[in-house]
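Visitor: quick one, what's the 3D model for this:
(2 chains)
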Protein chains: 2
Amino acid sequence: MDGIHLLGEWYGCPAESPEFTRADALRTLCLEAARAAGLTIVGDSFFQFKPQGVTGTVLLAESHLAIHTWPEHGFVTVDVYVCNLATDNSGKARHLFDALEAALKPEHTKFQAIVRGGKDD
Amino acid sequence: MDGIHLLGEWYGCPAESPEFTRADALRTLCLEAARAAGLTIVGDSFFQFKPQGVTGTVLLAESHLAIHTWPEHGFVTVDVYVCNLATDNSGKARHLFDALEAALKPEHTKFQAIVRGGKDD
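Guide: Model prediction:
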């Protein structure tokens, strides 16, 4: 039940991007990026804050993607968590994470990768 | 944009619990626990794996809850992430996390708390 959880804090994202401010645009980006990474989507939920900002998650057969945007601060947090039940999905997780970062164009970032699960010890 | 992210790995959960195996029961537990913690629900998505196991997320105005269950392994991972935009929500996050742990009754656990966001430095 090992897994890898990638956590990003992205600063200085250009606020004019529709993916940054609009739930429908961010949802499309996330679903397309998850599919392109070879991950299996089993559900999603996105919410539009007024006047701006989005919170959303994509449920994956491999675990989940979660993303929150604060356009007024140029700030995004992103989580990509995949378990490695049948195969090592770490590369797919990184592919998805990198695609979102390329789309939202942060000026600088913080990044952590955390090993989840592990032996029952 | 500070926030706190609580990550749990729960081992030895009793597999006969409906919250462990059924999406509807786990969804009800998560929504009720989020409300009881004083958090604001803005969306959710839960998926039932066959023959068992659930993956789900609850979108919060404060960020999100994500939970994945593997009844065949007695194993759960849970994430509770809250940002502290207007007020410190750390206590509410802990309340939610503890309520889920009390309901799913792991024999033992791993726990991490990660500070998210922080200054743009």
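
Visitor: tell me which parts of chain A are close to chain B?
Guide: A:1, A:3, A:5, A:7, A:9, A:11-12, A:42-47, A:49, A:55-57, A:59-61, A:63-64, A:66, A:68, A:70, A:73, A:75, A:77, A:79, A:81, A:83, A:85, A:108, A:110, A:112, A:114, A:116-118, A:120 (Cβ under 8 Å from any Cβ of the partner chain). In short, each C-beta sits where N, CA and C put it, glycine included.

Visitor: wait, isn't residue A:8 in contact with residue A:68?
Guide: No. At 10.9 Å, residue A:8 does not count as touching residue A:68 under the criterion of Cβ atoms under 8 Å.

Visitor: who's in contact with the helix or strand bottoming out on mean pLDDT in chain A?
Guide: Every helix and strand in chain A was compared by mean pLDDT, DSSP states H and E; the lowest is helix A:18-21, with a mean of 92. Residues outside helix A:18-21 that contact it (Cβ atoms under 8 Å, 6 or more residues apart in numbering or on different chains): A:13-15, A:25-26, A:29, A:52-54, A:69, A:71, A:76, A:103-104.

Visitor: ChimeraX command for the buried members of the residues you listed?
Guide: In ChimeraX syntax, the buried subset of those is picked out as below (16 or more other Cβ atoms under 10 Å in any protein chain shown):
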select /A:13,25,26,29,53,54,69,71,76,103,104
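
Visitor: secondary structure for the contacts of helix A:18-21 - can I get that in CSV?
Guide: Shown next, in CSV, are those (DSSP: H, G, I helix; E, B strand; the rest coil):
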residue, secondary structure
A:13, coil
A:14, coil
A:15, coil
A:25, helix
A:26, helix
A:29, helix
A:52, coil
A:53, coil
A:54, strand
A:69, strand
A:71, helix
A:76, strand
A:103, helix
A:104, helix
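
Visitor: which single one of the contacts of helix A:18-21 is nearest to residue B:95?
Guide: residue A:53 (24.5 Å; Cβ to Cβ).

Visitor: of the residues of chain A next to chain B, which belong to strands?
Guide: A:3, A:5, A:7, A:9, A:11, A:42-47, A:55-57, A:59-60, A:63-64, A:66, A:68, A:70, A:75, A:77, A:79, A:81, A:83, A:108, A:110, A:112, A:114, A:116 (DSSP state E).

Visitor: give the contact list for residue A:66.
Guide: Neighbouring residues of residue A:66 by Cβ under 8 Å, 6+ apart: A:56-57, A:78-79, B:57, B:63-64, B:66, B:79, B:81.

Visitor: of residue A:8 and residue A:68, who's got more company?
Guide: Remark: of residue A:8 and residue A:68, residue A:68 carries more neighbours, 28 against 22, as counted by other Cβ atoms under 10 Å in any protein chain shown.
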